[in-house]
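[1] give me a model of this one.
(2 chains, ligands or ions: 1)
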Amino acid sequence: MNIVVCVKHVPDATADRKFESDNTVDREGVDGLLSELDEYAVEQALQLREKRSDEEISVTALTVGPAKAADAVRKALQMGADKGVHVSDDAIAGSDYLGTSLVLAKAIEKIGSEQKVDLVVFGMASTDASGGVVPAMVAERLGLPQVTLASVIESQGDQVRIKRDGDTATEVIGATLPIVLSVTDQSGEARYPSFKGIMAAKKKPVESYSLSDLGVEASEVGAEAAYSAVEEATARPPRTAGEIVTDEDGSGATALAEFLASKKFI
Amino acid sequence: MPARRLLPSEEAVDLIALVRDLATKELAPRAAEAEESAEFPRDVFRLLGQTGILGLPYAEEHGGGGVPYEVYLQVLEELGRVWASVGVGVSVHALSCFGLVTKGTEEQKKEWLPDMLGGDLLGAYCLSEAHAGSDPAAMRTTARRDGDHYVLNGAKAWTTHGGQADFYKVMARTSDDRNGISCFLVPADTEGLVADNPERKMGLMGSTTATMVFENVRVPVERRLGEEGDGLRIALAGLDSGRLGIAAVATGLAQGALDASLAYAQQRTAFGKRIVDHQGLGFVLADMEAAVQSARAVTLHAARLRDQGLPFGREASVAKLVATDNAMKVTTDGVQVLGGVGYTRDFPLERYMREAKVMQIFEGTNQIQRMVIARSLDTSTQTGLELVR
Ligand SMILES: Cc1cc2nc3c(=O)[nH]c(=O)nc-3n(C[C@H](O)[C@H](O)[C@H](O)COP(=O)(O)OP(=O)(O)OC[C@H]3O[C@@H](n4cnc5c(N)ncnc54)[C@H](O)[C@@H]3O)c2cc1C
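    Numbering: from 1, shown residues only, chains lettered A, B, ... in the order given. Down below sits the predicted model:
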């Protein structure tokens, strides 16, 4: 079985994030890492490989992004993925979800031209843009069923069953491979790489593709081709001191209750 | 602000990044409460074992990481920055494996090392006795030969991981000669071996310390490391490396204290400006930084000598002395930087200060380090110039 996990390199959410002059996220000037929500996807792919140890299962980590994005692939390899693919091209910068999904879909097709891809796994969203729509778009482009937001994943043969937790109900969804799957942060904590994994990753193959390798025209992607543009980005204002309720005459509880009610907390 | 580090390889960079990630997510959230309630985090050691951190400095063929001390000590420092008890635990575990690696037979290594280095088993090191700390050769615990066994009797004080460990590296007397001491690897579940109640310490409560009592504990001869009479030498040789471990943990502890102090000084205001902007306080922070950097520098210098296979005993003692004395000073100043809240248990500085104190005491008190250094100065014939190989 051939599994592709799509991993995104994102700015460290705990560090200060900045924007470029064109309002896109500054991806070079800040520390980046493998999106934590994508670690869950890598984990599920690895667990699948471990549970079905009688089968030959290969896990490929795929990323689209600038040179630094190679770190996301490397982290996935350190966690245990078998090989990596890094699509990088200056023309991709500023792509919207449609552009990104096009590049991903073409890369998956290219990976599949050597060995059929049975399963594409995504995280539920990226921790920077938080769109959560790319898995569905890639599924559409590949003509595969999309099984999204899974909190529990079971598989046997070519059958996959997932649980999707909604606000009011939990759905159980069955599908037949090949599919595109996305998993939530409830699907199970991702493992840490081990030092052995770090050493082993150095020897694992990573292929680099440009747009022309994938047969994608530069005009189809990037900021120019994007259907949406960020017109303005403003840093969140620093946190204000907040409101302090002092109880001097016994009215404190009422004041607190009124405050909570005004914010619709109660 | 994490420390600046110059690392020798890409895998070392990735390793330190992994340890920082793990320390932030798995250690930091638990440290304060576990120290308060004296909870030993056994599961943390299992996780560190799985990620390969417990075996880092040992050879790959035995299941270790084959990492140079220069890198391994920086890993310990990162752990110590967040939770000293865990840093000390990793260092003590490495110490408990040391004799087996250096003096064990191939058979002994093959049988025990993979589990010891792989994290399934946690080790402890039993040298001190209640009346014999700085002077371990005064020990009284005996190992009497009885056929193909030794029978151990006595009590080993101050055992880090006492009652928690899976195996104990024990030094015991096999003859009445002052140095007639041998070294044994004793499994925790051996009959007659029990742990006393843990010590009620000033700090480092997340690291259990207890006296291990030996009552007719029968240990097969195959569990002796080296020859009869090699015990003290094995114990002391291990201590040179152990002292570097403590120096690294102390450096990390001091870095943690500096980081917390700086963060506080940048947001606390007095007389209308941030306290870091008051020169008198800024200079306190500057001295703290200088102390941390000096500690790191002497520690890594000793590590590099060790990595080159050169003698490093004197430098290890200097590192232990400087790094732990500096940690004491830096943590004490850290309390000062925070003012009143620094003295409360709601902020970590007073805990860091209590933790720093023990670093000046164990693995050879700092008086003993000075003794080692002075003796080495007096007897050394080493030339000064060495080439990195
Ligand atoms: C938390 C903790 C964990 C420990 N873990 C372990 C462990 O895992 N395994 C283990 O074997 N031991 C362990 N120890 C024991 C530790 O190594 C000893 O406490 C230490 O070596 C000092 O011995 P002592 O306490 O008997 O002090 P003493 O030897 O009685 O020293 C008392 C004082 O006299 C000074 N002194 C002694 N001799 C001289 C001298 N020649 N010149 C100048 N001054 C001198 C000392 O510096 C000290 O200030 C631990 C101790 C603590 C507190």
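
[2] which parts of the chain are strands?
    Chain wasn't specified; assuming chain A. Here chain A has its strands, by DSSP state E, at A:2-6, A:9-11, A:32-34, A:58-64, A:83-87, A:119-123, A:146-150, A:152-156, A:159-165, A:170-176, A:179-183, A:206-209.

[3] right idea, wrong chain: chain B
    For chain B, strands defined by DSSP E occupy the ranges B:123-126, B:142-146, B:149-160, B:167-173, B:181-187, B:193-195, B:209-220, B:224-225, B:269-270, B:273-274.

[4] tell me the most buried of the ones you listed?
    Stretch with highest mean neighbour count among the strands of chain B: strand B:123-126 (a mean of 28; mean count of other C-beta atoms under 10 Å in any protein chain shown). In short, each C-beta sits where N, CA and C put it, glycine included.

[5] who touches it?
    With contacts defined as C-beta atoms under 8 Å, 6 or more residues apart in numbering or on different chains, strand B:123-126 is touched by B:92-93, B:95-97, B:116, B:156, B:159-162, B:164-171, B:212, B:238, B:242.

[6] one more time with 7 Å
    Applying C-beta atoms under 7 Å, 6 or more residues apart in numbering or on different chains, the set of residues contacting strand B:123-126 from outside is B:92-93, B:95-97, B:116, B:156, B:159-162, B:165, B:167-171, B:212.

[7] could you do stretch B:227-247 as well?
    Stretch B:227-247 has contacts (C-beta under 7 Å, 6+ apart) with B:69, B:73, B:76, B:91, B:94-95, B:98-99, B:102-103, B:127, B:136-137, B:171, B:174, B:179-183, B:225-226, B:299, B:302-303, B:312-313, B:316-317, B:319-320, B:323-324, B:359, B:363-364.

[8] among those, name the buried ones.
    Buried subset of the contacts of stretch B:227-247 (neighbour count, 16 or more other C-beta atoms under 10 Å in any protein chain shown): B:69, B:73, B:76, B:91, B:94-95, B:98-99, B:103, B:127, B:136, B:171, B:174, B:180-183, B:225-226, B:299, B:302-303, B:312-313, B:316-317, B:319-320, B:323-324, B:359, B:363-364.

[9] and whichever residue of chain B sits closest to chain A, what is it in contact with?
    Going by C-beta to the nearest C-beta, chain A is nearest to B:Gly52 of chain B, at 3.4 Å. Shown in contact with B:Gly52 (C-beta under 7 Å, 6+ apart): A:Ser194, A:Phe195, A:Lys196, B:Gly65.

[10] for A:Ala223, same thing?
    Contact partners of A:Ala223, counting by C-beta under 7 Å, 6+ apart, are A:Asp22, A:Ala93, A:Gly94.

[11] which member of those residues is positioned nearest A:Ile3?
    Comparing these against A:Ile3 with C-beta to C-beta places A:Ala93 closest, at 28.2 Å.

[12] residues in the stretch 101-250 of chain B within reach of the ligand, list them.
    For the stretch 101-250 of chain B, the residues in contact with the ligand (C-beta under 6 Å from any ligand atom) are B:Tyr125, B:Cys126, B:Leu127, B:Ser128, B:Gly133, B:Ser134, B:Trp158, B:Thr159, B:Thr160, B:Lys201, B:Leu204, B:Thr209.

[13] distance check, the first one against B:Ala94.
    Separation of B:Tyr125 from B:Ala94 (C-beta to C-beta, to the nearest Å) stands at 10 Å.

[14] give me the number of residues near the residue in the stretch 51-200 of chain B that the ligand sits nearest to?
    Ranking the residues of the stretch 51-200 of chain B by distance to the ligand (C-beta to the nearest ligand atom) places B:Gly133 first, at 1.9 Å. By other C-beta atoms under 10 Å in any protein chain shown, the residues close to B:Gly133 number 18.

[15] also A:Met137?
    A:Met137 has 20 neighbouring residues, counting by other C-beta under 10 Å.

[16] skipping its backbone neighbours, what lies nearest it in space?
    A:Ser101 (3.5 Å; C-beta to C-beta, 6 or more residues apart in numbering or on different chains).

[17] need the pLDDT of the one you found.
    For A:Ser101, the model assigns a pLDDT of 96.

[18] so it sits against A:Val134, correct?
    Yes - A:Ser101 sits in contact with A:Val134 when judged by C-beta atoms under 7 Å, with a separation of 5.2 Å.

[19] give the contact list for the spatially closest residue to A:Ala76 that is not a sequence neighbour.
    Leaving aside its sequence neighbours, A:Ala76 sits nearest to A:Ala61 (C-beta to C-beta, 6+ apart; 3.5 Å). Contact analysis of A:Ala61 by C-beta under 7 Å, 6+ apart lists A:Val5, A:Val7, A:Val42, A:Val73, A:Ala76, A:Leu77, A:Ala81, A:Gly84.

[20] and if you look at B:Ala295?
    Contacts of B:Ala295 by C-beta under 7 Å, 6+ apart are B:Ala250, B:Thr251, B:Ala254, B:Val322, B:Ala323, B:Asn326, B:Ala327.

[21] next, count neighbours for the second one.
    Burial of B:Thr251 is recorded as 36 neighbouring residues (other C-beta under 10 Å).

[22] interface residues of the stretch 51-200 of chain A facing chain B?
    Residues of the stretch 51-200 of chain A lying close to chain B (C-beta under 7 Å from any C-beta of the partner chain) are A:Gln78, A:Tyr192, A:Pro193, A:Ser194, A:Phe195, A:Lys196, A:Ile198, A:Met199.

[23] can you tell me how far the second one is from A:Ala200?
    In other words, A:Tyr192. Separation of A:Tyr192 from A:Ala200 (C-beta to C-beta): 14 Å.

[24] what do you get for the third one?
    Using C-beta to C-beta, one gets 9 Å for the distance from A:Pro193 to A:Ala200.

[25] between the two, which one's more packed in?
    Neighbour count, other C-beta under 10 Å: between A:Pro193 and A:Ala200, A:Pro193 has more, with 25 against 14.

[26] burial of the nearest residue to A:Phe19 once chain neighbours are set aside, as a residue count?
    Nearest residue to A:Phe19, sequence neighbours excluded (C-beta to C-beta, 6+ apart): A:Ala233, at 4.5 Å. Counted with other C-beta under 10 Å, residues neighbouring A:Ala233 total 13.
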